[in-house]
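Trainee: could you work out the structure for the sequence below:
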Amino acid sequence: MPALFQNSQLSFGLGDFFKILAIGLFLSIFQCFLAARIGYPGFGPEWMLPLAVYVALRSDLWVTALTAFCLGLIRDVTAGFLLGLWSLQLVMLVWLFFPYRLRLNFFNPLTATPLLFLLSIGGYLFIMTPLMAILGWPSDKFNPLPAFFTSSLLTALTTPPLFGFLNWLTRDKDSENG
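Mentor: Modelled structure (predicted):
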């Protein structure tokens, strides 16, 4: 089956789009389960950002933005947030990241880990903090800096295994195209 979207030698098709959304749904439900077990919703990896960055590395901007919006919406619905909050953050982050995606090899863990940490902490500090300050913090005891730092660090550390799993899912298609 020919690729629907072509970026460099890597292809990203409609089936891959639905695979990413299904993985995003599973990871978001698992993330909400972990947050409920820990009892503090700010400390945990945000798996939607690495999924959106992975799509940005393999497809065009409009596919990336659509995927980021859908992943953010899944995150909002499963976590019970205000609809559009995570969608706005993900779309803005991948839109800022997209022009720089071809400059370095982001499939390398030494490159992907610091990138995801910077994107995540930047998204929290410059997008989520003003929005959460306007809308109200989760609780009076919520301290954003340790929560955002811990979440960004866990996001960055879980990115290499997640990228490895996503590469494993698409290995047959890439060997056909390359």
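
Trainee: and the one residue sitting closest to the centre of the chain, what pLDDT?
Mentor: Note on the chain: the residue nearest the mean C-alpha position is Leu49, at 1.3 Å, using Cα atoms, centre = their mean. At Leu49 the predicted local distance difference test score is 93.

Trainee: so after the helix or strand containing it, what's the next helix or strand?
Mentor: Assigned by DSSP states H and E, Leu49 falls within helix 48-58. Counting by DSSP H and E, the next helix or strand C-terminal to helix 48-58 is helix 61-79.

Trainee: chain center to that following helix, what's the gap?
Mentor: 9 Å (Cα atoms, centre = their mean, to the nearest Å).

Trainee: low-confidence stretches in this structure?
Mentor: For the chain, applying pLDDT under 70 flags the ranges 1-11, 39-43, 137-142, 172-178.

Trainee: the residue nearest to the centre of the chain contacts Ser120, correct?
Mentor: Yes: if you go by Cβ atoms under 8 Å, Leu49 and Ser120 touch, sitting 5.7 Å apart. C-beta here means a position set from N, CA and C on the backbone, and glycine is covered the same way.

Trainee: quick one, helices of this structure?
Mentor: 14-38, 48-58, 61-79, 85-97, 109-123, 129-135, 144-169, 171-177 (DSSP state H).

Trainee: overlap in contacts, Leu49 and Ser120.
Mentor: Thr155 (Cβ atoms under 8 Å, 6 or more residues apart in numbering).

Trainee: can you tell me how far Phe163 sits from Trp47?
Mentor: Computed as Cβ to Cβ, to the nearest Å, the Phe163 to Trp47 distance reads 11 Å.

Trainee: quick one on the thing from earlier: which of the helices of the chain sits closest to Arg103?
Mentor: Among the helices of the chain, helix 109-123 comes nearest to Arg103, with 10.0 Å by Cβ to Cβ.

Trainee: list the helices and strands the closest one packs on?
Mentor: helix 48-58, helix 85-97, helix 144-169 (3 or more Cβ pairs under 8 Å, 6 or more residues apart in numbering; DSSP states H and E).
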